[in-house]
Every structure is written in C-alpha cells, then in structure tokens.
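In: sequence and predicted model, in that order:
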Amino acid sequence: MLILGALFERFPSEHPLSEVIFLIEDGGLLHLALDLLADKGAVVREAAQYAVDALFAGLKEESLVAALLPALSRYLGKPTGKWQGTVGAYKLVEKMANKAKIGTETKEKEQLKDLLRESMGKTLKDLIPIVESGMHDLKNEVAKQAVKTMSALTTLIDNDDVTPRIPLLLTSMEKPSAQTLQKAIHALSQTTFVSIVTSPVLALLTPLLERSLNTPSTTQEVLRQTVIVVENLTKLVHDPVEARTFLPKLKPGVQRVKDGASLPEVREIATRAMDVIQKAMGEDGVAAGSVPQTTVDDVLKVLEAQVKAHGGIVRAQDSSFWNITKTYVSEMVRDDVNSRQLDRIPLCVSPYLRSLVKEGQQDAIASALKAHFVEEDQRKHGMSVQEDDGEVEIVNADFSLGYGGRLLLSHANLRLLKGHRYGLCGRNGVGKSTLMRSISEGKLEGFPSKDVLRTCFVEHNQGEDANQTVLEFLVNDPEIAGAGRDTISEALNEVGFNPQPGGRQHQAVNSLSGGWKMKLALARAMIMKADVLLLDEPTNHLDVANVKWLEEYLKKHTDITSLIVSHDSGFLDEVCTDIYHYEQKKLVLYKGNLAAFVKLRPEAKSYYTLSSTNAHFKFPPPGILAGVKSQTRAILRMTNVSYTYPGNSKPSLSDASCSLSLSSRVAIIGANGAGKSTLMKLLTGELIPQSGRVEKHPNLRIGYIKQHALEHVEMHMEKTPNQYLQWRYANGDDREVLMKQTRVLTDEDRAQMEKPIDLGDGRGPRRVECLMGRQKYKKSFQYEVKWVGLLPKHNAQISRETLLDLGFAKLVQEFDDHEASREGLGYRILEPKVISKHFEDIGLDPEIANHNEISGLSGGQKVKVVLAGAMWNNPHLLVLDEPTNFLDRDFLGGLAVAIREFKGGVVMISHNEEFVGALCPEQWHVANGKITHKGSAAVSLDRFEDSSHAASPAASSAVTSANVSAVNSGAEDAGELKFRAKKRELTRAQ
C-alpha cells in the first residue's frame, strides 16, 4: 500500500500519462486503495488513506473532473459491502467541491476554482442521484458523510433565486416525507425566478419535482405549485441541449396532471406548462444571447487531425492506449475551452503525448490546438476593444466580483482612460450598482486606492439621516473638511445652494428633496476634486435644468473620468464616450454613446425606446361620467388656491388655477422644491387648500400613485397582492381615499356634526347622523339626510349647496366618493379570478398575485401592485408623481404604452424628458408658487418602437388638451363646476 501511495504521489506530476492507468484503464487503481480503507490492519488503512490523499493532491483541476470524478462515481455505483470505502469516496467528492468554492485568493487560484466549479457543475446530473442514495444508507456513517457531501455540492450552484432555498431542499432529500416535500415545493413556488437556469440548478431540482409529480398522495395544491415551478424554470432554460437532458424526466408527470388533475385550475396550469416544455425541447441550435458549448467530439476531431499532421502515433502497439488517452485529453481540453481558460490547453495536451508521438512534436500539436480554439473563442465572444494609443490610462483592473455567494463578474477587465465617460449597461440584477459600491468602498481587486486615485460615489440618499445644516454637514465631513468653510460654501452656491441667511445652505439635510440631495452629493464631489465620479442614477429627482447642468459639467471637465449607471437613455446618449456592457459575466467595451452601442447590439434597443416587448400593460377603460359628453370638458378644477406648509414662511402655491379633462395629457414640471407635489396633493385631496377651492365632478374617480409609491402597500406586507386588493375595496369603496386629509374628520368637523341645524320646516333643530342617498336636483344633487335619534321616515332631502354652506363638505365628499367607487366597481366583481386577470393586465404574473406575499416581491413587482390597486375601480383620471424613478426600461416602456392607450386623463410629475416628451403635449410649469400653462407641444412618437401606431389619446390630445387649460376652460370663473346628470326614468308607479 505504501508503494501505491508513492506511485500516486510521484507519477501524476512527473508522468501525467499515468493518470490513465491509475484512474481510467480497467477501472483504475483507485478502487483498490478505497477498498483497503476497510482493512482490519490500522497500518494498511493509514497507508491507503495516504495513497488516496496523495493522488488527490497530485491531480490538476481538469484531471479531477475528467478522471477522478468518473472513477469515484463508478466506485459508488457498484455494490460493495465495504462502507469505509464508500465514506472515503464521498469525502473525496466533498473535498473536490470545497476546493471549488469562491474565495479571495490570488487571481490565478480563483481562476482554477472557476474552472473546477464550472466543470463539476456539469456533472451534477449524474452525481446528485448517487449522493442522494447514500443519504439513506442503513450505515449511519455513510448517511452522515453523504449529507455533508451533498451540502458541499450545492455550493457549486450559482443561482441567486435557488440558493436561499437550498437548506429546505437538503432537508427534503435527507428526510423524504410528504411534509418536507410540501415545504420545499411551497418555498420554490414563492420564488420569483429571474436568473438563467443552467444544468446544475436543473440537476438539483429535477429529482424533487419528479418525486412530487409522481407521488400518488400529492395534494392538488402541491401539484399546482409543482407545475408552476416547472413552467417557470423551463422558461429560463436558455440552452436547448440542457432542456432536452432534464425535461423528459418531468414531462410525463406534467402530462398526467394535465389529463387527470381534479381541479380545472391545476389542469389549466399544467396545459400551459406542457406548451412551454414542448417549445423548449423542440428548439434547435442555441438560444439568443447564449454561446454554443464545445463538445468532446469537437476537440477530438481537431486533436486527431493535428496528431496525424505531425507524424501520428509512433508505435503501433500504443494505438489501443491512444484510443483511451485521446478521449481523456479531449475531455480536459473541452473544460478549458468552455471556461475560456485557453492558456491551460498545452498543459492538458503536451505532457500526455510526450511518449506517444515523435520527439518534440507534442508541443507543436498543443500549440496548434490552442491556436485553433483561441480563434474559435474570438469568433464566439468577439475580440476585446482596445483604446487608441496616446491616452492616459488611470485604471486597468482584472477582477472577479461576487455578492452574497453569487458570482456577478468572473475575471472581468475594467480599463478606464482619463476624461472618458463610461455608461454601465445590463439587465436588472447583473450587479451594476454592486460594482460601483465595491469601487467606492475600496474592495475591488486591482482598482487603485483612494490615496492614489480620488474616487467619489454620487448617490441620491446623501446624508438622509443628518439633522445638521447643509453647510455644517459638509464642513464636518472628514474627507473634505480641509477645503475650508468658504470653499465649501462657494461650491454649494455653484450648484444652487443659496448662502444667504435663510437660504438652502442653512436648511437641514434631512429636509432636502431627492433632487437637492443629489446636488449636495455633486457639490461634495466637486470639493473633493475627484478623479473618478461614480454616478448611480444621477438624474433621478433632478429637474430638466439641473440635468442639463450636470451634462455640461461632465462634458466640460475632461480631467474627470465618470462611470455611470442610469435608466435615462437621453442622458447616456448625451454624455457617454464609451459603453461597458455585461455579457456572460464579463465587461465588454463598446466605443461611442448609447446610440452607437444599440447599432452594434440591436437586442439592447430597449435601453433606447419606450416600447417594450417584455412588459405589456393594459389599463381598464374609464367609466362614463354623468353630464360629461365632451372629452375636453373640465372634470377637476382648482381656482385661486394657496397653500403654505406649517413652519414655512413662503407659500408653496399662491393663487394657482388649473383644470383637467378626460383628454388631458399634462406634465407638471419645475425645479426641485417648486411645489409640484404640493399641487398634485391639492388636486387629489391629499391636502386641503388654505384659500381658494378645488372642485371635481361628484362621480370622478382618481387613480393616484405617490412619489414614494411603496407607501401604498407598506402596511400590507403580510398579504398577497390579491388579498390586498380585496381588503382595499371590500366595503364597496376605496379605503385609501378615506385616509386623505379631505376625508378624515377633524375635531372641528366632529363639533360641526354635533351642532343642531334648523331647516325652517317646522320640525325644529336636529343633528346630522349620516347621508343615506343622493339624487339629481336641478343642475346639482340633493342628499338624503338621516337625523340622530329619528327614524328613517323622518329623513330629509337637502341640496348639495346647503350642506356645503353648513360646513358638511367632508361628509358630502365622502358620500360622493362612495357613489363614484360604487359606480366604478359596478364594472368589477371582487373575486380572485377577476382580480388575477386585472393583475395580469398590469403585468404581474397571476401566480405571484395570488400566492406570494407582498413582502417577498421585488421593488418593480410592488409598484405593479400599487398600480393595479389604483386602476381597479376604473379611474377617469390617472395621477402619477415621479413614475419613472427606479423603473427599469422594460417597466418604463410598458407603462408608457399603457398610458398612451389609456382613454382617460393623465397628469404626471416627471423630470424624465424622454417619458414626458413621448406622452404629454400640455405642460404646467411651476415656479415661485405660480403655474404657467404651456400647451400644444408635439409629442415625440418616435420615442416608441411602434411609432407608426394609429392615433392614440396621447397623440390626439396634442390639439385638444390645450383647450382645457386654466384660461379657456373657465377655471378663472367664480361659478361652481356644474354637470347635467342623466335624468332618471320615472317608474310606472310614479
């Protein structure tokens, strides 16, 4: 045994061809060493363990996967009574998986780990069933080691969606029961799958899903969840070869559910899943965006051709040995090629051919093989772009980036030139902001430290918890304190912070709007004299003038290098000199701005246009408003309104007047802090005007999305979206409307309710209890009033005007809201199936809407829940406060198309010129508390991909919306907003 250990220790490193004898030919010598781990003699067992350890240590990464792992699989797959050998084999597999774990070692070592991890991941489909069987071995030692080995194998899975569920999956494997299976399936069904699904993920999940589908006792609910998981996984399998490997195991079970499930809903979902499976299995070639993988046969053809070209195998008697060796070598080269570690190809070729071909020819064959696959790699992935000579290089970093155990970038290169402005582009979740934050915190390998290269991270939550004034906040910042108070004040003044007493420099930082916080961050960067600016969504909350200022600032300072993440395509087009794009966990450089990048990569067009093929929203049509026969008739009007926030000396709005109609497409624009949101809140009833009046059609329904949209659902995180909508509209009206200031009764309102009123009808003073009904009265309405302590037969009809004069405006408004909601909800049935369809129209998967808690949804999905809630009662007017902040291009495009097609009125606050220019022909400029109306602006339909689309409300209102501005709609008229309601037809008795 000691001799075998010596052979294992010495020969693989000095004579690599011995690996074929030790591990491949005739079952290899490894099996002997593993069997001797069960020997009765302690000396023999120790020698056997020494031999096994020596062999493992002497093998390179490619050999571990191509030779050792198959040898271990064969050993574990054969019946044996020697449990010690089985434990030893499982330990070797565990050791191999642990060796592949992501770490923080040198670049070279991490590259070898990547190679081992990727190659082992492709073997999991065969390895996991073997290890899982060991988890149920009758020998306790075997079962324990198999559990540890399985846990190690799961670290090879690089999928952010599945990783949090791995402990539950391991439990379901170790202790298989209906309960553990149900918990694991439920957890998977609650997962929103967004990452590409690869072979390791399918290898782990397929046995579990197969067991759930094929177990007769599985409940209908678990079957429903299982089929949904199968469907969602299949949609994200980009490689048809992988689909054809795993999906045939699941297809029969899904077919049985489709044919025999007792619940129609489950059969319907299974039918949908079968369609997805058949489509995935039927596809040929390679999915868009993925790269075809090199196979062993591909390598074998090139290897045999090169060996033949260089004289062939010298001795005829070696031909049978060569047949085994060439396959082994081809497997190692395949792994190097697919992991793009092409420099390792000669290590896997030349030493193995040394004794088989003519002397000196092995290196020539290895070089020719490498050259062939280098050329093929460039054809598949493209050659890296190099900058022109003569420019100053300030960063050239090679690094890998991980987050939470997930690899975001693998051996990527980031090269920055002085004065260039780089846009970072890629789908959501690829790690753009993580890269920026890693650079900012000095954690990115190879990036110069801050004492060498001054780097500043500009973000919009600057000092969000600070109670200090703006000036004191920066003066006390240790990184810029040395600049001096005067310099800091001057820099603040340059970006708009007034130094005068009472000016913005003396405001508390935590009272600043998002836009002003962004300016504060920019001022800080200016004072630091930063060499590199890291800009994360810099245009969010910035008005048009400040976006323009930022563009000019970046273009003017050619000594500053910028790295920019932004959803604002116009901004990227204007400032970027280069684009870095995330591709296959690499950063690929493209010269030019976003437009030039889109020409080279047309699939990235969603960064540039608002139309989206990935997100489709459909808003419900608004209902009929009684008395409103013209799309241009004013339905909401503000007249001479003023409002000052408590504690402020300057009014946010002063003597403001405006109106809106069903055809309105209005953008409210203005500088940060000008009063745009205040105007919006006054229009929607969130605030009560201190002078002037706000009038609306009594039946008008408004869908309102706040600037901080998630406020709507923050108190309902434990509910599913479906349950939230049911709660919100359960009483026949919108509960969120009842929470507005214009609806909540104050102490003064309650005191007014206690005051008796005398109508002069001889019945004396009475106190109002509530309003019971409403009917048409002349050109207005009259309301049925229930009196405190009196029977309904004593109810009285009182006109709207009288009730308003008596101080019952909130009571009247609450009843009007109830009637408006009741009318809107008359089109709706508040039941789960109808609600699911509504969420689907808004772009949220019905499965998520019905079964996932709001707390587990992504930010974009929560915004869809808010949007669906606002649109449920068929609003006539959609009010959006900063709808574009933090929305990705898909969501933004879907929202733009839905607004364009919406038949009701739309009013929005947005600094996104692209969004506003595509949708809003009328603009209200808010400045110094005043509103200036500008209409008849041409909408930019070329912002949409389908710019040839037929005229929509957004386009047609370019002419008509100007007619409903404050001047020509009668907004200045002191007369009340009146509508001719449709008269009731008399009944036969009447």
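Out: Ah, there it is. For clarity, every value in this text was computed on a predicted model and none was experimentally measured.
In: show me the domain layout of the protein.
Out: 1-156, 158-290, 296-381, 393-607, 634-719+832-964, 747-822 (automatic domain parsing).
In: so which strand or helix has V694?
Out: Assigning secondary structure by DSSP states H and E places V694 in strand 691-696.
In: low pLDDT regions in the stretch 151-300 of the chain?
Out: 192-195, 240, 282-291 (pLDDT under 70).
In: please enumerate the helices of it.
Out: 166-174, 178-189, 199-214, 220-235, 240-260, 264-282, 296-309 (DSSP state H, counting those that start in this stretch).
In: out of these, which comes closest to Q775?
Out: Closest to Q775 of the helices of the stretch 151-300 of the chain is helix 264-282 (Cβ to Cβ; 43.5 Å). For the C-beta atoms, the positions are set from N, CA and C on the backbone; glycine is no exception.
In: okay, now V395: neighbour count?
Out: Other residues near V395 number 20, with proximity taken as other Cβ atoms under 10 Å.
In: so what strands line up beside the strand holding V694?
Out: In the sheet, strand 691-696 lines up against strand 634-643 (antiparallel) (DSSP bridges).
In: and the next element down the chain from the partner strand?
Out: strand 653-661.
In: and that next one, what other elements does it pack with?
Out: strand 634-643, helix 676-684, strand 691-696, strand 905-909, strand 930-934 (3 or more Cβ pairs under 8 Å, 6 or more residues apart in numbering; DSSP states H and E).
In: save these as TSV, and put in mean pLDDT and distance to I166 too.
Out: Below are those laid out as TSV (pLDDT from 0 to 100; distance: least, Cβ to Cβ, whole Å):
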stretch	mean pLDDT	distance to I166
strand 634-643	90	53
helix 676-684	84	44
strand 691-696	87	54
strand 905-909	88	43
strand 930-934	80	57
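In: need the winner for burial among these.
Out: Most buried of the helices and strands packed on strand 653-661, by mean neighbour count (mean count of other Cβ atoms under 10 Å): strand 905-909, with a mean of 26.
In: how many degrees apart are that one and strand 634-643 in direction?
Out: 30 degrees (axes from the mean of the first three to the mean of the last three Cα atoms, to 10 degrees).
In: for strand 905-909, list the C-alpha coordinates in PDB.
Out: The C-alpha coordinates for strand 905-909 follow below in PDB (Å, rounded to 0.1, in the frame of the first residue of the first chain):
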ATOM      1  CA  GLY A 905     -57.000  61.800 -18.400                       C
ATOM      2  CA  VAL A 906     -53.300  61.600 -17.200                       C
ATOM      3  CA  VAL A 907     -51.400  64.100 -15.200                       C
ATOM      4  CA  MET A 908     -47.800  63.400 -14.100                       C
ATOM      5  CA  ILE A 909     -44.800  64.900 -12.400                       C
END
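In: that older thread, how about the helices and strands packed on strand 653-661 in CSV, adding distance to K258?
Out: As requested, those are exported to CSV (distance: least, Cβ to Cβ, whole Å):
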stretch, distance to K258
strand 634-643, 49
helix 676-684, 48
strand 691-696, 51
strand 905-909, 43
strand 930-934, 58
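In: what's the closest of those to L759?
Out: For the helices and strands packed on strand 653-661, proximity to L759 was assessed by Cβ to Cβ; strand 691-696 is nearest, at 24.8 Å.
In: list the neighbours of the closest one that are in contact with it.
Out: Outside of strand 691-696, the residues within contact range by Cβ atoms under 8 Å, 6 or more residues apart in numbering are 635-642, 655-657, 682-683, 685, 976-977.
In: one more pass at 7 Å, please.
Out: 635-642, 682-683, 976-977 (Cβ atoms under 7 Å, 6 or more residues apart in numbering).
In: and whichever helix or strand comes after that strand, which strands flank it?
Out: Following strand 691-696 in sequence order, the next helix or strand is strand 702-705 (DSSP H and E). Strand 702-705 pairs in its sheet with strand 877-881 (parallel), by DSSP bridges.
In: how far out from the middle of the chain is the strand it pairs with?
Out: 24 Å (Cα atoms, centre = their mean, to the nearest Å).
In: CA atoms only: put it into CSV for me.
Out: C-alpha atoms of strand 877-881 as CSV (Å, rounded to 0.1, in the frame of the first residue of the first chain):
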residue,chain,number,x,y,z
LEU,A,877,-58.0,60.4,-14.2
LEU,A,878,-54.6,58.8,-13.6
VAL,A,879,-52.2,60.9,-11.4
LEU,A,880,-48.6,59.9,-11.3
ASP,A,881,-45.9,61.6,-9.1
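In: ok, and S410, which helix or strand is that part of?
Out: Assigned by DSSP H and E, S410 falls within strand 406-417.
In: what's the burial count for K618?
Out: Counted with other Cβ under 10 Å, K618 comes out at 16.
In: what's near enough to touch it?
Out: 841, 898.
In: from A868, how far off is it?
Out: 11 Å (Cβ to Cβ, to the nearest Å).
In: how about D335?
Out: For D335, the distance to A868 - Cβ to Cβ - is 48 Å.
In: do V329 as well
Out: Using Cβ to Cβ, V329 is found at 58 Å from A868.
In: tell me the pLDDT of S319.
Out: On pLDDT, S319 comes in at 77.
In: would you map the strands across the stretch 501-650 of the chain?
Out: Secondary structure of the stretch 501-650 of the chain by DSSP state E, counting those that start in this stretch: the strands cover 532-536, 561-565, 578-583, 586-591, 634-643.
In: among those strands, which is nearest L401?
Out: So among these, strand 586-591 is nearest, using Cβ to Cβ, at 9.8 Å.
In: who does that closest one pair with, and is each partner parallel or antiparallel?
Out: Pairing partners of strand 586-591, with direction, according to DSSP bridges: strand 578-583 (antiparallel).
In: now the angle from the partner strand to strand 561-565?
Out: 40 degrees.
In: so what's D761 up against?
Out: Contacts of D761 (Cβ under 7 Å, 6+ apart): none.
In: which residues touch L522?
Out: Going by Cβ under 7 Å, 6+ apart, L522 touches 458, 495.
In: how far away is it from Q505?
Out: Using Cβ to Cβ, L522 is found at 15 Å from Q505.
In: again, but for L250
Out: As defined by Cβ to Cβ, L250 lies at a distance of 64 Å from Q505.
In: with neighbour numbers in mind, choose between the two.
Out: Neighbour count, other Cβ under 10 Å: between L250 and Q505, L250 has more, with 25 against 20.
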